[in-house]
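> Return atomic coordinates for the entry below.
(chains A and B)
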Amino acid sequence: MTLSLTDRIAELATTWGPYGREAGVAALLSEWLTPLNVTLKQDALGSLLATRPGKPGGKKVLVLAHMDTVGAVVLNVTEKGLLQVAPVGELAVHNAIGQTVLFGSGALGILQHEPVEDVKELDWKKAFVDLGASTKEAALQQVKLGDIGVIDAPVYERSEGLLTGPHLDNRAACALMLHVAELLDDSPNEVTFAFTAQGKVNSRGAAPATWHAQPDLAIVLGLTNSSDIPRGAKTEVKLGAGPALRLKDGGWVIRAELADDVRAKAENLGVPLQSEVLAGVQSEAGAVASATQGVPTVMLTLPARYRGTATETVALADLEATAKLLLQLAADVTVS
Amino acid sequence: MLLERLCNACGLAGQEDEIRALLREELAAHVDQIWTDAIGNLIMRKGNGPTKIMLDAHMDEVGFLVGEITDQGFLKLKKVGGLDDRVLPGRAVWITSKRIHGVIGAKAFHLTGGDERGKVLPFSEMVVDLGCTSKAEVEALGVELGDPVYFATAAERWGEGILKAKAIDDRVGCYIAAEILKQPVPESITLLVSFSVQEEVGLRGAKVSAYNLQPHVGIALESTVAADVASVGSLDTVTNMGEGPAITLYDSAGIPNQKVQQGLAQVGEQHGIKHQFRRVVGGGNDAGAIALQGGGAPVCAVSIPTRYFHTNAALCHLDDVQAAIDLVSAYITGLAKGEISL
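This next block holds a predicted model:
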């Protein structure tokens, strides 16, 4: 029985697997990928690569999305059994306070903070995780130093085809990639689907994964902040209006002819396509484009609200539209 | 001891000649092959087994370059690596490998007043005084723009176990690797040691050596901050001097491979070798760079807790250094025996 896209996202998003600790997610993805016509490989950083064979004369396409999530690392335990934690990557303390957090050991805790007079005083130094343990020894039986807590919350479908929950960044993109791997049946091209490790920490898994795939074209998938909320992104990207074609970010810029090609294909398919130009933000696209001997790279992003919180929100229609476009891009490579 | 000689030798990023020469001379008789790669990393190989283990220790230390020679005969400096302005004024320095004497000068305390007193002199206002009165006099000494500038100090042993020296970061790593190279290597192992260049300016040398060596596993041997000093709370010390080498949990340059990290802790437990974890997520070292080259490699760092590192007078405990040698040796043996998995 094939799970629906929504069920896949929900299961992926609630599977523990922060940066550097992606094995559980990779195992779940491997289980789903095994029935397909793919060769599976895991690299030294823990990225999972699923390669679908092409035909003679075909090109090599890499579709890539990171599979890790943010989290907070246990650095110390107080005598009273509270955990001192620190984020690696971009987990904001105000998004984590009050949340239940899940550790790799399976332990659950509550992330809390010293009382403050003013929200500006919020700081990871004053935050802690309460495991319900009253001594250091009892706490260390539940977690070890270096274990990572991630936000533990449900994923659920809301009205108008919206999906809400934690870690949709980037598990929604992983589910999308899997969906495309299932639908892709007659591409002349060899297509490698790379679910990369450590994407949330300077996109570290992307370059080694690209090195293994040696692609002619790479398509990077991710989430992007939408502009349609108060003080949202300074772009015109809206939720439900189709994927966004990233033209530039803080680490990369698309080749103009590639952008034209993607736009033309989207138009032919009747897939709505938005555009975005970001400053400062870095992505896996930069790491992929400069890996090995240089790779022509496209990045498509799913508009999302409230990234980094327990209630990240994406539109299922955007995923469906992206899948349609991806299938076309993987089958018909015009880049030279 | 070799560690003292290594710390006393001088080598900024890009100027690691003295360290390279010292290590080559010390280790030539103990290894199977030595070469220097295109960026200057000194590579040594011992053994010829199927499992390639890379140990990395960087040769360069923090310091300065001469950025300007003023008409009055003072030197303005440019930093090479992370240096804290608070610890600089009043330090004796050496210019170039000829060790020309100078001091980082500032006007006397007696002349400061009002807002100045108790404040750190901005780096842009610090100069090196060579006792010269003109640019011509400085040039006559053989000092040129771009010459390296080092803390002028000699290593000392304090009591039974403490070493005080400049450049413990990372000559202590070089020393640990050197001592491991003097031991026999198990048959199934090829031990590759990269004495790397240019770590302090962006982990540059290790990128090149890791790309060339393509190891099956890598361990960076480092010096890291020990903040078990006055005014720091017990949860914020990062590492404690004397409590054993520190296995990295996380840092900003890379996430250690969990199997390597746990394997190191496992051999520590198994052989009763004192060790601790590095309890902070900031900072970074060559481990992060090695992990990402080519198709990637499993890597972790083992660091010596060091008080006041990146100053002229850093402290480390020799028991921690010996424990690091024992821990990494036991890890290599454990891998060879199949007690540790990758």
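> what residues are up against A:Trp211?
Applying CB atoms under 8 Å, 6 or more residues apart in numbering or on different chains, we find A:Trp211 in contact with A:291-292, B:294-296. C-beta coordinates here come from the backbone N, C-alpha and C atoms, glycine included.
> Next, give me the two most distant ones among those.
A:Thr292 and B:Gly296 (12.6 Å; CB to CB).
> So for these two, which residue has more residues nearby?
Neighbour totals were compared for A:Thr292 and B:Gly296, and B:Gly296 leads with 26 against 16 (other CB atoms under 10 Å in any protein chain shown).
> Get me the contact residues on chain B for chain A.
Counting by CB under 8 Å from any CB of the partner chain, the residues of chain B lying close to chain A are B:235, B:249-250, B:252, B:254-258, B:261, B:277, B:279-281, B:291-292, B:294-298.
> and the stretch 101-250 of chain A, which residues reach chain B?
A:145-146, A:198, A:201, A:204-205, A:207-208, A:211-212.
> who wins for most neighbours among these?
A:Gly205 (34 neighbours).
> partner residues bridging the closest residue to that residue other than its chain neighbours?
Closest residue in space to A:Gly205, ignoring its immediate chain neighbours: A:Thr196 at 3.5 Å, by CB to CB, 6 or more residues apart in numbering or on different chains. Beta-bridge partners for A:Thr196, by DSSP bridges, are A:His66.
> Which positions in stretch A:150-160 come out as buried?
Using 16 or more other CB atoms under 10 Å in any protein chain shown as the test for burial, stretch A:150-160 gives A:150-153, A:155, A:157.
> Please dump the residues of the stretch 101-250 of chain A next to chain B into a markdown table; it should also carry pLDDT for every row.
Shown next, in a markdown table, are these (pLDDT from 0 to 100):
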| residue | pLDDT |
| --- | --- |
| A:Leu145 | 94 |
| A:Gly146 | 94 |
| A:Gln198 | 96 |
| A:Val201 | 93 |
| A:Arg204 | 95 |
| A:Gly205 | 97 |
| A:Ala207 | 97 |
| A:Pro208 | 97 |
| A:Trp211 | 97 |
| A:His212 | 96 |
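> Restricted to helices, list those residues.
Among these, the ones falling in helices (DSSP state H) are A:207-208, A:211-212.
> the helices in the stretch 101-250 of chain B, which residues?
Using DSSP state H, counting those that start in this stretch, the helices found in the stretch 101-250 of chain B span residues B:135-140, B:168-181, B:204-213.
> Pick the most deeply packed of those.
The highest mean neighbour count among the helices of the stretch 101-250 of chain B, using mean count of other CB atoms under 10 Å in any protein chain shown, belongs to helix B:168-181: a mean of 27.
> so where is the stretch 51-200 of chain B shaky, pLDDT-wise?
The stretch 51-200 of chain B contains no residues with pLDDT under 70.
> Which one of the residues in the stretch 1-150 of chain A is closest to chain B?
Distances between the stretch 1-150 of chain A and chain B by CB to the nearest CB are smallest at A:Gly20, namely 3.3 Å.
> Just confirm that residue is within a strand.
No - assessed with DSSP: H, G, I helix; E, B strand; the rest coil, A:Gly20 is coil; it does not lie in a strand.
> Contacts only, for it.
Listed by CB under 8 Å, 6+ apart, the contact set of A:Gly20 reads A:46, A:68, A:148, A:197-198, A:201, B:250, B:255-258.
> Equivalent analysis for A:Leu102, please.
Contacts for A:Leu102 (CB under 8 Å, 6+ apart) come out as A:16, A:108, A:149-152.
> Distance of it relative to B:Ile247?
In this view, A:Leu102 and B:Ile247 are 24 Å apart by CB to CB, to the nearest Å.
> Identify the spatial nearest neighbour of A:Leu36, chain neighbours not counted.
Nearest to A:Leu36 is A:Ala181, by CB to CB, 6+ apart, at 5.8 Å.
> Give me the distance from whatever helix or strand the one you found lives in to the chain's centre.
Taking DSSP states H and E as the definition, one finds A:Ala181 inside helix A:168-183. Put simply, helix A:168-183 sits 9 Å off its chain's centre (CA atoms, centre = their mean, to the nearest Å).
> Next, the buried residues of it.
A:168-181.
> Greatest separation within the residues you listed: which pair is it?
Across the buried residues of helix A:168-183, no pair lies farther apart than A:Asp169 and A:Ala181, at 20.1 Å, counting by CB to CB.
> Reformat the contacts of A:Trp211 as TSV; add distance to B:Cys174 and secondary structure.
Shown next, in TSV, are those (distance: CB to CB, whole Å; DSSP: H, G, I helix; E, B strand; the rest coil):
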residue	distance to B:Cys174	secondary structure
A:Ala291	31	coil
A:Thr292	32	coil
B:Gly294	25	coil
B:Gly295	28	coil
B:Gly296	25	coil
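> what's the closest of those residues to B:Ile219?
Nearest to B:Ile219 among those, with distances taken as CB to CB, is B:Gly296, at 15.4 Å.
> Hmm, the closest one is touching A:Ala44, no?
Yes - at 4.0 Å, B:Gly296 counts as touching A:Ala44 under the criterion of CB atoms under 8 Å.
> what touches both of those two?
What both B:Gly296 and A:Ala44 touch, as defined by CB under 8 Å, 6+ apart, is the set A:Pro208.
> any idea how far B:Thr112 lies from chain A?
Using CB to the nearest CB, to the nearest Å, we find B:Thr112 at a distance of 34 Å from chain A.
> List the contacts of A:Gly57.
With contact set as CB under 8 Å, 6+ apart, A:Gly57 has these partners: A:Pro188.
> Doesn't it lie inside a helix?
No - going by three-state DSSP, the assignment for A:Gly57 is coil, not a helix.
> For it, give me phi and psi.
phi 90, psi -10 (degrees, to the nearest 10).
> Could you report the pLDDT at A:Lys260?
Careful, residue A:260 is Asp; it's not Lys. At A:Asp260 the predicted local confidence, pLDDT, stands at 96.
> Show me the shaky parts of the stretch 1-150 of chain A.
Within the stretch 1-150 of chain A, the stretches with pLDDT under 70 are A:1-2.
> Strands along that one, start to end?
Counting by DSSP state E, counting those that start in this stretch, one finds strands in the stretch 1-150 of chain A at the ranges A:39-42, A:48-52, A:60-66, A:72-77, A:82-87, A:100-103, A:108-113, A:127-130, A:148-151.
> Those: which one's closest to A:Gly251?
Of these, nearest to A:Gly251 by CB to CB is strand A:60-66, at 14.3 Å.
> quick check: longest helix of chain B.
helix B:318-337.
> still on that earlier bit, for A:Asn76, state which of the contacts of A:Trp211 is nearest.
Nearest to A:Asn76, judged by CB to CB, of these is B:Gly296 at 30.0 Å.
> what's the pLDDT at that closest one?
pLDDT, B:Gly296: 94.
> Repeat that for the one 10 residues further on.
Note on B:Thr306: pLDDT of 98.
> So for the residue nearest in space to the middle of chain B, what's the nearest residue that isn't a sequence neighbour?
Nearest to the geometric centre of chain B sits B:Asp170, at 1.5 Å (CA atoms, centre = their mean). Distance criterion CB to CB, 6+ apart; nearest residue to B:Asp170, sequence neighbours excluded, is B:His58 at 4.6 Å.
> give the contact list for that neighbour.
B:170, B:173-174, B:195-200, B:205-206, B:285-286.
> That one and B:Glu16: what is the separation?
From B:His58 over to B:Glu16 the distance is 9 Å, taken as CB to CB.
> what touches both of the two?
The contact sets of B:His58 and B:Glu16 overlap at B:Val197 (CB under 8 Å, 6+ apart).
> Identify the nearest residue to B:Ser223 in space, disregarding sequence-adjacent positions?
The spatial neighbour of B:Ser223 that comes closest, neighbours along the chain excluded (CB to CB, 6+ apart), is B:Asp169 at 3.7 Å.
> who's in contact with the spatially most central residue of chain A?
What sits nearest the mean C-alpha location of chain A, by CA atoms, centre = their mean, is A:Asn170, with 1.8 Å. Listed by CB under 8 Å, 6+ apart, the contact set of A:Asn170 reads A:65-69, A:199-200, A:221-223.
> No further questions, thank you.
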